[in-house]
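Participant: give me the fold of what follows.
(2 chains)
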Amino acid sequence: MPLPPKIKGCLSLVSDEQGYLKEGAPITDSTPYEVRRAQELNAQLGPKGTPEAVDLLCDLHNTTANMGMCLIFYSFDWIALHIYNYIQSKMTSAPVTAIQMDISETYSLESVGKHGIAIEVGPQPHGVTRADIFNLMKEAVDLTIECLQKLNSGKKHVLVFCEDTVLPRKHVKAICNCYCTLPTGSTFEGGKVEAYTLVKSVDYPRDPTTNNITAAIHPQLQDNDFKLLKPGDPIFLSFSGETVKHEGEELYPVFVNECAYYEKKIAFHLAKKVTVTFPSVSVKKVD
Amino acid sequence: MSSCLNEARRVAIFGGTHGNEMSGVTLVNLWVKNSAEIQRKRVETKPFITNPKAVEKCTRYVDTDLNRAFTPENLSAPGGDNLPYEVQRAQEINRLFGPKESPDAYDVIFDLHNTTSNMGCTLILESSKDHFNLQMMHYIKHPVGLEVGPQPQGMEFPPCTVEAFRVLERIDYPRDANGNIVAMDCDWEPLNPGDPMFQTFDGKTIRYHGPGTVYPTFINEAAYYEKQQAFVTTRREALVASAIRKV
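Facilitator: Take a look at the predicted model:
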């Protein structure tokens, strides 16, 4: 969905963080632009948490970090996992990773839909269009729609059940929150996928008086998103030449040197690797 | 034959001419705090943030591109505070480090920039005939040790040749009738006739059909989208600098 004219100025945000919804606040002339947009989008694509909300909201993002093709979920529900699994199995042009943000209440745009994913592709400087990054994102969206089309194809309305348990329709809706139709006997195989769960964020070293950053991401960490960081590995190189090393447990750095996160006091996130099991989805005809 | 030049005593290092180009901003701020690293005998070096408002907002410019603002019209424009911010800054910088083309101007100004293009370290010269600049460029690429001991005339830099790229033309992105970008470039160098140049958003390739091989640079610089520039073509040249020494 295109933004109104603000996009021409190629600003990353006008006021407040676009994509983080604040609910309930009445709109006045002094309401920040992005809060107003959040309420408009909630009305158009939601409302969040209601049956009228879109089934899937897919939010497209770029990052200055070297994260390649990455899917971001706030909950590992079965649709999200099947989409991830599908894209990962079909995409040959680049490896695909997934990150679960693991927070109980979500305020980003894709939380408006019943299910949501963010497609995050980098590295790309903000304001620049790179052909290789564009192609990756297009391929990911094409595969997402293809996956949903396969889930939804078929002429009959049938019950959906998981792992050989037949569920009454109301229970299916409660779990899946969407109405699925499949040709009789079709199965979307479940399985296991590797993903990352965020643990914590690390800020840049800063001058205690001015709060200005005093170091850059170390060259050995720069562009090495998803490569295991061990205690003693360099993480920052100060402008005066000193190395700061990682202390603590072995974790995976992501969003390393994302330009927009300087103001959020995040140099990189640290994540742990998890294996997530997701159920098969198969269909039987209803009498 | 060697050129005799006055000593280059007053040097300025500018950062933040574009407020979101962080290397220059960071370096100049470091040197403003502690200039020991950039001080040398017989050279006075002044580090200076040229566009502080843009640096504060981490944006290229506030009203207009400072790096295009040093025109005779701008430098002599009346109006003070009513002028665009960068025109005011241009006048201030011209007063402090110029006036432009006068004997009071600083001897050398280094302006530090970053680019979203994959250009590595590039030195940009305004003139191909400035032997002092060419010798400096050569030194940066091939530094030599400084001889110890009194040398009343200063070191002579022998004649040298430097490889450079001369800008030929600016190429814009393909645009549709509404003036929107409909394609973007692909990374490659050098560019031969027939080589792919743009990929349209619907997947077609647009090829280069110039008369000969060119060397594209500033490929996909974010700030140049508004200047209708996808990249510039250049031609390789060997520039000859005569020997130089101090008068």
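
Participant: so A:Phe76 is in contact with A:Ala195, correct?
Facilitator: Yes - between A:Phe76 and A:Ala195 a contact is recorded at 7.2 Å, counting by Cβ atoms under 8 Å. Placement of C-beta: from N, CA and C, glycine included.

Participant: what touches both of these two?
Facilitator: Common contacts of A:Phe76 and A:Ala195, defined by Cβ atoms under 8 Å, 6 or more residues apart in numbering or on different chains, comprise A:Gln100, A:Val276.

Participant: higher neighbour count, those two?
Facilitator: Neighbour count, other Cβ atoms under 10 Å in any protein chain shown: between A:Phe76 and A:Ala195, A:Ala195 has more, with 21 against 18.

Participant: name the nearest residue to the more buried one, ignoring sequence neighbours.
Facilitator: Nearest residue to A:Ala195 in three dimensions, chain neighbours excluded: A:Ala98, at 4.2 Å (Cβ to Cβ, 6 or more residues apart in numbering or on different chains).

Participant: work out for me the element the one you found sits within.
Facilitator: Secondary structure assignment for A:Ala98, by DSSP states H and E: strand A:96-100.

Participant: with just CA atoms, put that strand into PDB.
Facilitator: What follows is strand A:96-100, C-alpha atoms only, in PDB (Å, rounded to 0.1, in the frame of the first residue of the first chain):
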ATOM      1  CA  VAL A  96      16.100 -17.600   3.600                       C
ATOM      2  CA  THR A  97      16.100 -17.000   7.400                       C
ATOM      3  CA  ALA A  98      13.400 -16.200   9.800                       C
ATOM      4  CA  ILE A  99      13.300 -14.300  13.100                       C
ATOM      5  CA  GLN A 100      10.700 -14.400  15.800                       C
END
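
Participant: show the subsequent helix or strand relative to that strand.
Facilitator: Sequence order places strand A:115-122 as the next helix or strand after strand A:96-100, per DSSP H and E.

Participant: quick one: low-confidence parts of chain B?
Facilitator: Along chain B, the parts satisfying pLDDT under 70 run over B:1, B:144-154, B:177-188.

Participant: and with 80 instead?
Facilitator: Scanning chain B for pLDDT under 80 picks out B:1-4, B:142-156, B:176-189, B:247.

Participant: where does the residue positioned nearest the centre of it land in three-state SS?
Facilitator: In chain B, the residue lying closest to the centroid (Cα atoms, centre = their mean) is B:Ile124, at 4.3 Å. Applying DSSP: H, G, I helix; E, B strand; the rest coil to B:Ile124 yields a three-state assignment of coil.

Participant: again with the one 10 residues further on
Facilitator: The three-state assignment at B:Leu134 reads helix, by three-state DSSP.

Participant: now it: closest residue in space that isn't a chain neighbour?
Facilitator: Of all residues not flanking B:Leu134 in the chain, B:Ala241 sits nearest, at 3.5 Å (Cβ to Cβ, 6+ apart).

Participant: the one you found: neighbour count?
Facilitator: Residues lying near B:Ala241 (other Cβ under 10 Å) number 23.

Participant: the residue nearest to A:Ala195 - how many residues pack around it?
Facilitator: Close neighbours of A:Ala98, defined as other Cβ under 10 Å, add up to 26.

Participant: one more: A:Ile235?
Facilitator: A:Ile235 has 24 nearby residues by other Cβ under 10 Å.

Participant: list phi and psi for it.
Facilitator: When read as degrees, to the nearest 10, the backbone of A:Ile235 gives phi -120, psi -30.

Participant: surely it and A:His246 touch.
Facilitator: Yes - contact criterion Cβ under 8 Å: A:Ile235 and A:His246 qualify, at 4.9 Å.

Participant: shared neighbours, the two?
Facilitator: Common contacts of A:Ile235 and A:His246 (Cβ under 8 Å, 6+ apart): A:Leu229.

Participant: okay, now the domains of chain B?
Facilitator: Listed domain ranges for chain B are B:3-114, B:125-246 (source: the TED database).

Participant: picking up where we left off before, residue contacts, the residue nearest to the centre of chain B?
Facilitator: Applying Cβ under 8 Å, 6+ apart, no residues qualify as near B:Ile124.

Participant: can you tell me which of the domains of chain B is most buried?
Facilitator: Of the domains of chain B, the one with the most neighbours on average (mean count of other Cβ atoms under 10 Å in any protein chain shown) is domain B:3-114, at a mean of 16.

Participant: endpoints of that domain, how far apart?
Facilitator: Using Cα to Cα, to the nearest Å, the gap from the first to the last residue of domain B:3-114 comes to 33 Å.

Participant: is that domain anywhere near chain A?
Facilitator: Yes - using Cβ under 8 Å from any Cβ of the partner chain, domain B:3-114 reaches chain A at B:Thr26, B:Asn29, B:Leu30.

Participant: would CSV of the residues you listed with secondary structure and distance to A:Met137 be doable?
Facilitator: Output for the residues of domain B:3-114 next to chain A, formatted as CSV (DSSP: H, G, I helix; E, B strand; the rest coil; distance: Cβ to Cβ, whole Å):
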residue, secondary structure, distance to A:Met137
B:Thr26, helix, 31
B:Asn29, helix, 36
B:Leu30, helix, 38
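
Participant: and the helix or strand where A:Asp59 lies with strand A:115-122, angle?
Facilitator: Counting by DSSP H and E, the element that carries A:Asp59 is strand A:56-62. With axes from the mean of the first three to the mean of the last three Cα atoms, to 10 degrees defining the directions, strand A:56-62 sits at 20 degrees from strand A:115-122.

Participant: strand A:56-62 pairs with which strands, and in what direction?
Facilitator: Paired neighbours of strand A:56-62 in the sheet (DSSP bridges): strand A:115-122 (parallel).

Participant: can you give me how far the strand it pairs with is from the chain middle?
Facilitator: How far strand A:115-122 lies from its chain's middle: 4 Å, per Cα atoms, centre = their mean, to the nearest Å.

Participant: thinking again about what came up before, parallel or antiparallel, list what pairs with the very next helix or strand once past the strand holding A:Asp59.
Facilitator: Where DSSP H and E defines the elements, the next helix or strand beyond strand A:56-62 is strand A:68-73. Strand A:68-73 has its sheet partners listed here by DSSP bridges as strand A:96-100 (parallel), strand A:115-122 (antiparallel).
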